[in-house]
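Enquirer: Following is a predicted model, sequence given first.
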Amino acid sequence: MDTTTTKTAALITAEGRGSLVWPRFTPGLLLLDEDLTAGVDYTRELSRLLFRNLFGCGVICGLTVTGKEATGRCLTVDVDCGLALDCIGDPVQVRQPQSLTIMATCDKTLPSAVWVVLRRREHDCMPRELACPPEAGVQSLAKTRTIDAYEIAVLDHRPDKACGCPEAVSTPGTSGQTPSAPTVVGAAAIVAGGASTTPARGRAAAAAAQPTDAPPTAPATQPSATQPDCYKDHRDGICACDCCAGSEWVLLAKLTPPAAGSATTDTISWNTDYSVRRFIRPMLLPDPKLAKA
């Protein structure tokens, strides 16, 4: 049986270059330090590119925050271990729980609210002597390793352009209340392609109430309670989320003191508001082959 392949000429084409560069080695090539470093930089930039556009910046897991006040004298903020992605796409790993204490002095009281933030740092180590002595006046040691590090800070203000979500707006009847958990359902629905979070029985009832000849309802494009505005770029398919350009900080939580008179002991637990953080842990989708079985 003869097969015919038809080639269609393009009306017009455009070409360009991406941002990734990797080295190529050939026999007899004298390698320089730039050649070997380029191989490491390629894999690093590749992971940054994918993570930044697939998930954006935010908290992946852990990094829970609690605050306890000792009768106005000090505020102790505890941050659990966990993992986040910064604005560039680098992972920020906190391997051990951390505790920070703010002391109130005679001329300074505790702030009315604090923001707990995280950013990535690097630590160079393992210095080694160079084989060829440099010119006079130049150091003869070079650090040969870089370790991922991090910095946790407690601020009395929200940093500009930090990776996070807008603060929740109070509605009538909910004044003074702060969310105690992140909007996990909203984040999971977005990663899953906007899957509905309505219970199965509710969806079945809605389908039964809709006429069979009615056109399908278009998915909502506006932010909702389960899809905060900080996920809009990813929901709309816009690459390179620009939610925190110009800032290294990733928001973990906002802490506020409880209402006056609610404390019954010397140690007061502050309210933790996770709605300000951007939660990006992807939801595991069911196997479609098993779902059809």
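Expert: Cool, got the structure.

Enquirer: Any idea which helix or strand in this protein has the lowest mean pLDDT?
Expert: helix 184-191 (a mean of 31; mean pLDDT, DSSP states H and E).

Enquirer: Could you pull out the strands in the protein for me?
Expert: Under the criterion DSSP state E, the chain contains strands at 58-62, 65-70, 74-79, 82-85, 91-94, 98-103, 114-129, 141-155, 250-256, 267-269, 271-273.

Enquirer: so which of those gets nearest Ile280?
Expert: With Cβ to Cβ as the measure, strand 58-62 is the member of the strands of the chain nearest Ile280 (4.0 Å). To be clear about C-beta, it is placed using only N, CA and C from the backbone, and glycine gets the same treatment.

Enquirer: Tell me which other helices or strands the closest one touches.
Expert: strand 82-85, strand 250-256 (3 or more Cβ pairs under 8 Å, 6 or more residues apart in numbering; DSSP states H and E).

Enquirer: residues of it that come out buried?
Expert: Neighbour-count burial for strand 58-62, counted by 16 or more other Cβ atoms under 10 Å, picks out 58-60, 62.

Enquirer: do the same with stretch 276-293
Expert: Those would be 276-281, for stretch 276-293 by 16+ other Cβ under 10 Å.

Enquirer: Columns distance to Met103 and pLDDT on top of the residues you listed, output as JSON lines?
Expert: Listed next are the buried residues of stretch 276-293 as JSON lines, based on distance: Cβ to Cβ, whole Å; pLDDT from 0 to 100:
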{"residue": "Val276", "distance to Met103": "25", "pLDDT": "93"}
{"residue": "Arg277", "distance to Met103": "26", "pLDDT": "93"}
{"residue": "Arg278", "distance to Met103": "31", "pLDDT": "92"}
{"residue": "Phe279", "distance to Met103": "31", "pLDDT": "93"}
{"residue": "Ile280", "distance to Met103": "34", "pLDDT": "91"}
{"residue": "Arg281", "distance to Met103": "35", "pLDDT": "88"}
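
Enquirer: ok, which pair from those residues is furthest apart?
Expert: Val276 and Arg281 (16.6 Å).

Enquirer: follow-up on the earlier one: want to try TSV for the helices and strands packed on strand 58-62, with mean pLDDT, mean neighbour count and distance to Glu129 as columns?
Expert: Putting these into TSV (pLDDT from 0 to 100; neighbours: other Cβ atoms under 10 Å; distance: least, Cβ to Cβ, whole Å) gives the following:
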stretch	mean pLDDT	mean neighbour count	distance to Glu129
strand 82-85	96	21	36
strand 250-256	95	25	38
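
Enquirer: looking at those strands, which is closest to Cys239?
Expert: Here strand 82-85 is closest among those (Cβ to Cβ), at 15.4 Å.

Enquirer: which regions of the stretch 151-293 of the chain sit below the pLDDT cut-off?
Expert: 169-228, 240-245, 261-265, 291-293 (pLDDT under 70).

Enquirer: can you rerun that using 50?
Expert: Low-confidence segments of the stretch 151-293 of the chain (pLDDT under 50): 171-212, 214-225.

Enquirer: Run a quick neighbour tally on Gly16.
Expert: Using other Cβ atoms under 10 Å, the number of residues around Gly16 comes to 4.

Enquirer: Kindly apply the preceding question to Ser275 instead.
Expert: 19.
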